[in-house]
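>>> Pasting a predicted model and its sequence here:
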Amino acid sequence: MHRPESHRTTACFSVNARATPGMMPRVLELFAKRDLVPSAFVARVIGPEADELTIDVQMEGMERDLADYVAACMRQIVGVDVVL
């Protein structure tokens, strides 16, 4: 039996950015200052020069409006190329 009230959405963020030492803490800060702990956080250095970073973040139970706002904030971080 399906219970709609027990269904929780998960916001998923995929960030492509320059691989700099401060990039991961800057992304995590957007959650920490809202007293949120992501359900998952995975970062990988990629690219032929190992100068790119992909960060995948999942946040269980995040409302759509807040997810959109956090994604917009991520796009403002210097060095971030794309946020999906």
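That came in fine, so what should we check first?
>>> Name the residues of the helix ranked longest in the chain that are buried.
In the chain, taking DSSP state H as the definition, the longest helix is helix 64-75. By neighbour count with 16 or more other CB atoms under 10 Å, helix 64-75 contains the buried residues 67, 70, 71, 73, 74. Heads up, the C-betas are built off the backbone N, CA and C, glycines and all.
>>> Using TSV, lay out these together with pLDDT.
Output for the buried residues of helix 64-75, formatted as TSV (pLDDT from 0 to 100):
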residue	pLDDT
67	97
70	98
71	98
73	98
74	98
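>>> Pick the one among these closest to residue 52.
Nearest to residue 52 among the buried residues of helix 64-75 is residue 74, at 15.6 Å by CB to CB.
>>> Need the nearest residue in space to the closest one, chain neighbours excluded.
The spatial neighbour of residue 74 that comes closest, neighbours along the chain excluded (CB to CB, 6 or more residues apart in numbering), is residue 83 at 4.5 Å.
>>> Quick check: bridge partners of that neighbour?
Going by DSSP bridges, residue 83 is paired in beta bridges with residue 15.
>>> ok, it - contacts?
Neighbour list for residue 83: 13, 14, 15, 16, 71, 74, 75 [criterion: CB atoms under 8 Å, 6 or more residues apart in numbering].
>>> Nothing else from me, thank you.
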